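> pasting the structure only:
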């Protein structure tokens with residue numbers, strides 16, 4: 001299967017950012033506003049383990065997949081004959097270092113593929129409670145256990161020293177289309193999970209389930225929902241007659257408040273920083289053209305089924321509703337912003353865009369790649385000139 005244009009673009013951005021940062025560090029890349037030099041820590045990637053397996057490997061975020069002592073990888077291996085949740089050793093093969101790690105893995109939950117092939121099942125490794133105890137969810141049609149044949153969400157803990165798993169909590173989810181959108185194993189043994197328009201809490205200690213909200217907006221157009229990395233807050237973008245804008249919901253207090261409401265500007269696609277300290281969103285400004293008639297508009301750049309993450313401005317806010325920084329390029333749209341791991345920097349694209357009388361897109365181009373420090377006062381640093389690269393290679397990057 002050929003990669004999608006979005007995947008090719010993302011891969012190209014990551015490569016260009018790596019090259020640009022390297023050149024910037026080595027040769028002093030030209031910038032609109034030269035930042036103060038600073039010492040940075042550079043990681044040298046080293047291959048720890050390489051192994052093969054039959055089927056599909058399902059993991060979660062890298063900081064939750066690996067056990068605290070660094071010895072095991074929690075993952076589901078969906079094979080030809082069986083689907084398993086496994087703790088795979090990543091610290092070597094013991095007496096036989098060349099032995100396949102999957103053959104040494106501890107099987108924690110297993111279902112024959114004759115069941116899962118005909119019944120939609122989600123395998124969700126959630127993380128670790130200790131060096132030897134992990135947590136995972138099985139969502140969909142249950143293939144084993146006391147709820148076999150029912151459709152719902154089952155939360156398990158497992159001891160990798162014994163290979164025994166314990167069902168902690170189960171809740172029916174009979175609707176076929178409802179799947180786990182996000183899940184976070186938070187501090188205090190709580191799991192926060194978003195299933196379609198519902199937001200729920202599972203408590204591992206009390207083995208209880210609590211439905212917190214069942215009215216979250218569904219994904220449609222620019223209406224999105226995003227849990228914070230700790231699961232303690234939710235941002236959602238809603239655009240309706242009663243309320244319109246980006247809102248934040250606090251789990252502990254149960255309060256919801258607007259971060260920014262739609263008016264002369266419209267913000268969309270909120271996105272948390274890795275540590276949950278900041279929220280990035282795209283901002284467009286209202287176009288009032290009396291000659292056109294009808295309601296005022298916002299000039300989106302539309303994709304196949306929803307707008308691109310592109311706007312006149314990138315707005316960064318904190319969860320309290322304070323604007324930390326805005327980023328814009330005169331006469332251009334800024335787009336495809338991604339957080340870097342430090343949680344204080346982001347990479348994004350810029351390029352010109354033009355629109356017709358009715359808001360139709362006449363042209364849209366990618367021109368440059370930038371890195372911005374959202375907490376500093378220096379301007380964004382250009383790390384790649386896409387226009388020059390396209391001129392040299394003859395390959396055009398389509399919007």
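Happy to help now that I have it. If you're wondering where the values come from, they're calculated on a predicted model, not measured in any experiment. Numbers count the residues shown, from 1 in each chain.

> what's the helix or strand for the residue nearest to residue 193 when sequence neighbours are not counted?
Once flanking residues are discounted, residue 193 sits nearest to residue 183: 4.4 Å by Cβ to Cβ, 6 or more residues apart in numbering. Heads up, the C-betas are built off the backbone N, CA and C, glycines and all. Element membership for residue 183, per DSSP states H and E: strand 180-186.

> what is the subsequent helix or strand relative to that strand?
Per DSSP H and E, strand 180-186 leads on to strand 190-195 as the next helix or strand towards the C-terminus.

> tell me the predicted confidence for the residue nearest to residue 193.
Per-residue pLDDT puts residue 183 at 93.

> same thing with residue 156?
97.

> list the contacts of it.
For residue 156, the contact set (Cβ atoms under 8 Å, 6 or more residues apart in numbering) comprises 85, 108, 109, 135, 136, 137, 138, 165, 166, 167, 168.

> what does residue 370 give?
347, 348, 349, 350, 380, 381, 382, 383.

> quick revisit: okay, now the residue nearest to residue 193: neighbour count?
Counted with other Cβ atoms under 10 Å, the neighbours of residue 183 add up to 27.

> which residues of the stretch 251-399 of the chain score low on pLDDT?
Filtered on pLDDT under 70, the stretch 251-399 of the chain yields the residue ranges 290-296.

> any chance of a PyMOL selection covering the buried ones in the contacts of residue 156?
Of the contacts of residue 156, the buried ones can be selected in PyMOL as follows, counting by 16 or more other Cβ atoms under 10 Å:
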select buried, resi 85+108+109+135+136+137+138+165+167+168
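
> quick one: stretch 276-295 to chain centroid distance?
24 Å (Cα atoms, centre = their mean, to the nearest Å).

> need the per-residue pLDDT for residue 242.
pLDDT at residue 242 comes out at 87.

> what's the neighbour count on it?
Residue 242: 5 surrounding residues under other Cβ under 10 Å.

> ok, it to residue 262 distance?
12 Å (Cβ to Cβ, to the nearest Å).

> mind listing the helices for the stretch 251-399 of the chain?
Along the stretch 251-399 of the chain, the stretches classed as helices by DSSP state H, counting those that start in this stretch are 386-393.

> neighbours of residue 297, how many?
Neighbour tally, residue 297, other Cβ under 10 Å: 16.

> partners of it in the sheet?
With DSSP bridges as the criterion, residue 297 is bridged to residue 287.

> on that earlier part again, report the contact partners of the residue nearest to residue 193.
By Cβ under 8 Å, 6+ apart, the contact set of residue 183 is 124, 126, 137, 191, 192, 193, 194.

> of those residues, closest to residue 72?
residue 126 (14.2 Å; Cβ to Cβ).

> tell me the SS of residue 69?
Following DSSP: H, G, I helix; E, B strand; the rest coil, residue 69 is assigned to coil.

> for it, which non-adjacent residue is closest in space?
residue 131 (4.3 Å).

> all helices of the stretch 101-250 of the chain, in order?
113-116.

> any weak-confidence spans in it?
In the stretch 101-250 of the chain, no residues with pLDDT under 70.

> go again with 90.
For the stretch 101-250 of the chain, the stretches with pLDDT under 90 are 101-104, 112-121, 143-145, 175-179, 187-188, 196-197, 215-223, 240-242.

> can you map out the strands along it?
Ranges of strands within the stretch 101-250 of the chain are 106-112, 121-128, 133-141, 151-159, 164-172, 180-186, 190-195, 198-203, 208-213, 225-227, 233-239, 244-250, based on DSSP state E, counting those that start in this stretch.

> coming back round to it: ok, and the most crowded of the contacts of residue 183?
Most crowded among those, counting by other Cβ under 10 Å, is residue 193 at 26 neighbours.

> test my guess that that one contacts residue 186.
No - shown here, residue 193 and residue 186 do not form a contact pair, counting by Cβ atoms under 8 Å, at 10.5 Å.

> picking that back up, any idea how far the residue nearest to residue 69 is from residue 159?
11 Å.

> buried stuff in stretch 45-52?
By neighbour count on 16+ other Cβ under 10 Å, the buried set for stretch 45-52 is residue 51.

> run a quick neighbour tally on residue 369.
Residue 369 - counted by other Cβ under 10 Å - has 24 other residues nearby.

> can you check residue 117 too?
10.

> re the thing from before, of all the strands of the stretch 101-250 of the chain, which one is nearest residue 73?
The nearest among the strands of the stretch 101-250 of the chain, by Cβ to Cβ, is strand 121-128 at 8.8 Å.

> that closest one: which residues count as buried?
121, 123, 124, 125, 126, 127, 128.

> do stretch 357-376 as well
Here stretch 357-376 shows 364, 365, 366, 367, 368, 369, 370, 371, 372, 373, 374 as buried, counting by 16+ other Cβ under 10 Å.

> got the domain boundaries for this structure?
1-30+218-399, 53-216 (automatic domain parsing).

> having no further points to raise, I will conclude here.
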